[in-house]
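# I need the structure of the sequence given here:
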Amino acid sequence: MKSAVSRGVVAVSVVAALGLTAACSGSGGDGKGGSGGKKPSKSAGAAGSSAAEKLEKSALATGDVKKYKVEKASEASGASEASEASADKTAPPSAAVRPGECRSLSDMLRATAPEGPKAQVVRTLSSTDIDDATTTEVELLAYDKAGAEKTMDTLRSASKSKKCATFGVGGHRYFGVRPQPASVGGDESVSFKLASRAGEFLARDKVTVVRSGSTLMSFHASNVFDQKAVKSARQGDPEVADAIVDAQLSKVEK
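The predicted structure follows:
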């Protein structure tokens, strides 16, 4: 029973990866520091390409974290089987966030990076332990130092704001937003947790963002389950594994 539930949870979690990937492919246009529809200059394109190459080299790969499988978000197994309806529930579309000051929290959940980074890459980590239903998305974001610091300040303010305890994105509603302790190395860090509903499913998320110089590392741990089906199963809030954070921070600072 437990294994069947775990596999079902993983399948639903993978849907989130699919929605996240779609958001990545269309990101960069949140009205803050983006191109605004203007054609980027050759020098800007070269800088972005160089930043992307550095992030790719720093991104986690299978073997970097014991007992975890690492994939590019678009390669997450089972993604092709996700229904359009489910994807709509787990990955809210790009839309006005209400209240607007909560936008940075929504962006981190959907891998639509705030403040216009130079480049970003995303990896999906899943445990090889069938009883561990938590999926972790690791996103690397390249900024200049001022942009990185500004983004962290924006996230910190939003996670502590009472106005963002509950916020909406399109027809999707997040609730129970709370700042969390985040002493995980790097120059500074921000962490928060929240939850949302998708039909009979309850989705819970924890996001920890770490800054090292001008690079941000976002760790988004999530689990999704049917409350009625797993009443007797042990289910806790998702946690970002220390081993994942340590491995990623080590590669970035290497």
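# pLDDT below threshold where in the stretch 151-254 of the chain?
Within the stretch 151-254 of the chain, the stretches falling below the threshold (pLDDT under 70) are 227-235.
# Show me where it has its strands.
Using DSSP state E, counting those that start in this stretch, the strands assigned to the stretch 151-254 of the chain run over residues 167-169, 172-179, 188-198, 201-212, 215-226.
# With distance to Ser161 added, can I get those strands in TSV?
Any C-beta I mention is one placed from the backbone N, CA and C, and that applies to glycine too. Rendered in TSV, the data for the strands of the stretch 151-254 of the chain read as follows (distance: least, CB to CB, whole Å):
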stretch	distance to Ser161
strand 167-169	9
strand 172-179	9
strand 188-198	11
strand 201-212	15
strand 215-226	19
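# Of all those strands, which one comes closest to Thr62?
strand 215-226 (17.2 Å; CB to CB).
# any low-confidence regions in the stretch 1-150 of the chain?
In the stretch 1-150 of the chain the weaker segments, taking pLDDT under 70 as the threshold, are 1-48, 74-95, 111-115.
# about what we covered before: any chance of the strands of the stretch 151-254 of the chain in TSV, with mean neighbour count and distance to Ala148 too?
Putting the strands of the stretch 151-254 of the chain into TSV (neighbours: other CB atoms under 10 Å; distance: least, CB to CB, whole Å) gives the following:
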stretch	mean neighbour count	distance to Ala148
strand 167-169	21	24
strand 172-179	16	19
strand 188-198	20	9
strand 201-212	22	5
strand 215-226	24	6
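# could you check the distance from Phe175 over to Thr166?
Distance check for Phe175 against Thr166: by CB to CB, to the nearest Å, it reads 5 Å.
# so what's Arg123 up against?
For Arg123, the contacting residues are Ala59, Leu60, Val70, Glu71, Lys72, Ala73, Glu137, Val138, Glu139, taking CB atoms under 8 Å, 6 or more residues apart in numbering as the criterion.
# Tell me the secondary structure at the fourth one.
When you say that, I think you mean Glu71. Here Glu71 is strand, with the state taken from DSSP: H, G, I helix; E, B strand; the rest coil.
# host element of the closest residue to it other than its chain neighbours?
Closest residue to Glu71 in three dimensions, ignoring its sequence neighbours and counting by CB to CB, 6 or more residues apart in numbering: Thr124, at 4.9 Å. Element membership of Thr124 [criterion: DSSP states H and E] is strand 119-127.
# List the strands paired with that strand, with their directions.
According to DSSP bridges, the neighbouring strands of strand 119-127, each with its direction, are strand 68-72 (antiparallel), strand 135-142 (antiparallel).
# Make JSON lines from those and add mean neighbour count to it.
Converted to JSON lines, the strands paired with strand 119-127 look like this (neighbours: other CB atoms under 10 Å):
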{"stretch": "strand 68-72", "mean neighbour count": "18"}
{"stretch": "strand 135-142", "mean neighbour count": "25"}
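# Nearest to Lys54, out of the ones you listed?
Using CB to CB as the measure, strand 135-142 is the one of these that comes nearest Lys54, at 6.9 Å.
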